[in-house]
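*Asks:* for reference, the sequence and a predicted model appear below.
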Amino acid sequence: MIPPLPQGEGRGEGGTCRITRLTGFFVALLSVSLCSTALANSAIADKGMAATVNPIATEAAANAMKRGGNAVDAAVAAALTLGVVDGHNSGVGGGCFMLIRLPIGKYVAIDAREMAGAAATRDMFIRDGQADTALSQTGPLASGVPGSLAAYTYALKEFGKLKLADHLRAAADIAETGFTIDEVYARKLKGAAADLAKFPASKAIFLHKDGSPYIKGEIIKQPDLAKSYRAMAKDGIRWFYDGPFSQAAAKWMKENGGILTEQDFRTYRLELREPIFTTYRGYRIASFPPPSSGGVHVAEILNILETRDVKAMGAGSADFIHFTTEAMKLAFADRAHWLGDPDFARVPRGLVSKEYATNLAAKISMTHATPVPQHGTPEKAHDDIFGKHTTHFSTADADGNWVACTATVNTAFGSKVVIPGTGIVLNNQMDDFSVQPGVPNAFKLVGAEANAVAPGKRPLSSMSPTIATKDGRPILSIGAAGGPTIITQTLLALVNILDFGMDLEGALTAPRFHHQWNPDELKIEKSVGDAVLAELEKRGHKLDQSSGFGACNGVLLNRSGDKFTGVNDPRVPGAAKGVSGK
């Protein structure tokens with residue numbers, strides 16, 4: 001179920017890791033670290049930093065460090081706590097990608113993506129010749145076998161200092177006592193209420209007796225989830241994958257038309273992957289490989305941008321937005337055709353080559369939007385291949401361990417199914433497969449045969465946990481939440497910092513834009529200004545204007561290497577908190 005770490009797993013950067021005086025470091029939507037200052041949207045400190053979507057998760061990470069844990073412990077503590085207080089985004093009923101950089105400069109990429117059950121078929125969501133996406137998004141057919149718990153267990157065993165049970169019991173106390181829901185949680189709950197009401201165990205937790213959802217400021221208690229966490233603390237991962245939970249899940253599935261079985265849970269495996277690496281203007285960028293599309297396409301777009309003087313275009317200019325949008329279109333066209341689980345699909349390594357990016361860049365006109373009728377084909381596309389609603393958190397410590405992890409149950413509250421008696425929400429990750437070629441999923445993404453449903457297969461993801469280094473030293477951990485916009489949010493944060501020299505707060509506050517090829521529209525924040533919007537329309541872009549989207553939190557190490565800056569995305573509730581001192 002959880003493989004040992006292979007000898008020499010991961011790629012080194014060469015040289016030794018310079019250890020700073022800092023102990024913790026966290027990025028993106030969920031971040032974690034030790035803290036001493038009051039909770040705020042941004043913070044500066046010299047020993048650790050956290051920026052998360054919930055202050056309770058920030059405190060959990062800090063407490064783990066205070067008890068002697070390292071960056072891996074802090075990340076797991078935050079993850080398990082977020083499964084309680086931010087359960088519409090992530091939890092043990094979902095999956096994750098975890099990217100770890102070890103002190104010697106090697107990387108470990110833990111793929112704990114959900115897996116389709118053994119009874120899954122290519123056409124399982126087809127009814128009367130047409131895809132029924134309601135089946136892949138809600139209810140018993142929507143879930144794959146969860147992987148997050150396997151990743152957290154493995155990471156702690158190999159690289160942590162504390163026990164899984166310690167983190168589970170701390171989170172269980174929060175689930176039992178209850179927490180006050182914030183604006184985002186209340187909004188997600190309201191949007192999912194009708195579907196949650198279809199399942200008695202879900203309704204009992206998240207809705208009032210009259211069926212109305214809890215609202216901002218009310219307290220939600222989860223006694224069943226607390227019992228589940230304590231059972232896992234006592235019996236370990238076996239309780240989940242080969243014990244009471246898998247038995248309860250299989251029983252519910254059989255009674256309600258699902259396909260997951262005890263054997264599916266028993267045979268779940270995580271995979272250790274080789275990270276994606278690229279260089280960008282003197283920095284080394286490490287990100288996650290397939291079945292994530294995030295690392296591939298962050299690298300592909302960065303490579304295209306590197307062919308031009310982006311800095312001279314100017315941050316937020318029509319030229320910069322136009323050129324980057326055209327690069328996004330080309331990359332997402334490739335995503336739709338080529339990307340899938342590398343254990344099943346032949347995903348070309350050439351997608352991240354500099355030569356391929358140069359060829360793509362030559363197709364871009366600066367005067368008008370260019371139609372992209374289909375994907376590109378990199379050199380040796382069939383020979384040189386990769387080997388076999390969401391939240392993000394990143395961590396680092398003084399020993400040189402860095403973690404970037406993105407976790408999800410997919411859309412808000414996943415499949416909306418809580419397995420009775422457990423309090424655990426199951427994912428709806430089956431919707432991330434291409435349920436029928438050309439049919440969009442919940443995020444309007446389309447796919448091809450490479451991402452078709454198959455037993456034991458992992459669906460394609462946009463999750464993009466990323467670590468940037470300079471001269472062998474980590475300086476930035478970044479990631480995001482928000483479906484396919486995860487890729488473009490991560491990309492823009494990198495470009496804002498590395499090209500335009502913005503500080504972290506400026507980089508995450510700057511206007512965002514996103515194009516995913518299909519539909520052919522440019523999602524863009526109105527804050528770019530009327531003049532820029534008008535010029536983009538003049539060049540032929542169809543605009544989908546937004547007041548704000550996404551959540552991309554981060555932590556940045558300053559140039560002298562002695563202070564971290566943590567910033568919580570201003571578009572969402574959350575907090576950053578740092579620790580300073582001896």
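*Replies:* Noted; the coordinates are in hand.

*Asks:* not counting sequence-adjacent ones, nearest residue to residue 163?
*Replies:* Leaving aside its chain neighbours, residue 163 sits nearest to residue 156 (7.2 Å; criterion: Cβ to Cβ, 6 or more residues apart in numbering). No exception for glycine: its C-beta is placed from N, CA and C like everyone else's.

*Asks:* and the helix or strand containing the one you found, which residues are buried?
*Replies:* Residue 156 is part of helix 148-159 when elements are defined by DSSP states H and E. For helix 148-159, burial by neighbour count (16 or more other Cβ atoms under 10 Å) applies to 148, 149, 150, 151, 152, 153, 154, 155, 156, 158, 159.

*Asks:* CA atoms only: put that helix into PDB for me.
*Replies:* Taking C-alpha atoms only, helix 148-159 is exported to PDB below (Å, rounded to 0.1, in the frame of the first residue of the first chain):
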ATOM      1  CA  SER A 148      -4.400  11.700   1.100                       C
ATOM      2  CA  LEU A 149      -4.100   9.600   4.300                       C
ATOM      3  CA  ALA A 150      -1.600   7.300   2.600                       C
ATOM      4  CA  ALA A 151       0.600  10.200   1.600                       C
ATOM      5  CA  TYR A 152       0.500  11.800   5.100                       C
ATOM      6  CA  THR A 153       1.400   8.400   6.700                       C
ATOM      7  CA  TYR A 154       4.300   7.800   4.300                       C
ATOM      8  CA  ALA A 155       5.700  11.300   4.600                       C
ATOM      9  CA  LEU A 156       5.600  11.200   8.400                       C
ATOM     10  CA  LYS A 157       7.200   7.800   8.500                       C
ATOM     11  CA  GLU A 158      10.000   8.700   6.200                       C
ATOM     12  CA  PHE A 159      10.700  12.300   7.000                       C
END
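
*Asks:* on that earlier part again, quick one: contacts for the residue nearest to residue 163?
*Replies:* 72, 73, 76, 162, 163, 164, 167 (Cβ atoms under 8 Å, 6 or more residues apart in numbering).

*Asks:* which of those residues are buried?
*Replies:* By 16+ other Cβ under 10 Å, the contacts of residue 156 give 72, 73, 76, 162, 164, 167 as buried.

*Asks:* just put the residues you listed in TSV and tack on distance to residue 186, secondary structure and pLDDT.
*Replies:* Output for these, formatted as TSV (distance: Cβ to Cβ, whole Å; DSSP: H, G, I helix; E, B strand; the rest coil; pLDDT from 0 to 100):
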residue	distance to residue 186	secondary structure	pLDDT
72	32	helix	90
73	31	helix	90
76	27	helix	93
162	33	coil	94
164	31	helix	97
167	27	helix	96
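
*Asks:* tell me the one among these nearest to residue 407.
*Replies:* residue 76 (10.5 Å; Cβ to Cβ).

*Asks:* pLDDT weak spots in the stretch 201-350 of the chain?
*Replies:* 338 (pLDDT under 70).

*Asks:* can you give me the helices for it?
*Replies:* Taking DSSP state H, counting those that start in this stretch to define them, one finds helices in the stretch 201-350 of the chain at 223-235, 238-241, 244-256, 262-266, 294-305, 310-313, 318-338.

*Asks:* quick check: nearest residue in space to the spatially most central residue of the chain, chain neighbours excluded?
*Replies:* Nearest to the geometric centre of the chain sits residue 406, at 3.2 Å (Cα atoms, centre = their mean). Spatial nearest neighbour of residue 406, chain neighbours left out: residue 463 (3.9 Å); criterion: Cβ to Cβ, 6+ apart.

*Asks:* and for residue 90?
*Replies:* Excluding its sequence neighbours, the residue lying closest to residue 90 (Cβ to Cβ, 6+ apart) is residue 407, at 4.0 Å.

*Asks:* same question for residue 111.
*Replies:* Of all residues not flanking residue 111 in the chain, residue 271 sits nearest, at 4.2 Å (Cβ to Cβ, 6+ apart).

*Asks:* what is the burial count for residue 177?
*Replies:* For residue 177, the count of nearby residues is 13 (other Cβ atoms under 10 Å).
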